[in-house]
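S.K.: got a structure for you, letters missing:
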């Protein structure tokens, strides 16, 4: 960022990770969220989830993007894709409930809607 909260366009004056963390935490405080659990690593995890869930990238491509091994002997990628604080799209008890009608998910947002 440049003075006056303008975006810096000079690549030689890129924002440091410490500066990004400060901006992130200040933004979270501004919207009433405790910034303690968040760090710059949140962007990497969020990026993985976005690429997998929204952009429909495969695991191999995400691993290549993130710089992880594609041998899949160590499933580090799973820690980035699944977490205790995720919002499930379907209740577990409904997985095999054959009396429920099928839900068609929107290709654009992943929800059952008419946004496309």
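M.R.: That came in fine, so what should we check first? Note that the structure is predicted; figures quoted are calculated from it, not measured.

S.K.: Which pLDDT does the model give the residue lying closest to residue 68 once chain neighbours are set aside?
M.R.: Using CB to CB, 6 or more residues apart in numbering and skipping the chain neighbours, the partner closest in space to residue 68 is residue 76 (5.4 Å). C-beta: built from backbone N, CA, C; applies to glycine. We note a pLDDT of 71 for residue 76 in this prediction.

S.K.: how many neighbours does residue 62 have?
M.R.: By other CB atoms under 10 Å, the residues close to residue 62 number 20.

S.K.: re earlier: any idea how far the residue nearest to residue 68 lies from residue 56?
M.R.: 20 Å (CB to CB, to the nearest Å).

S.K.: and if you look at residue 45?
M.R.: Counting by CB to CB, the gap from residue 45 to residue 56 is 18 Å.

S.K.: hang on, the earlier thing: for the residue nearest to residue 68, phi and psi?
M.R.: Phi and psi for residue 76, reported as degrees, to the nearest 10, are phi -50, psi -40.

S.K.: quick one on the thing from earlier: give the residue from residue 45 and residue 56 that has the larger number of neighbours.
M.R.: residue 45 (15 against 10).
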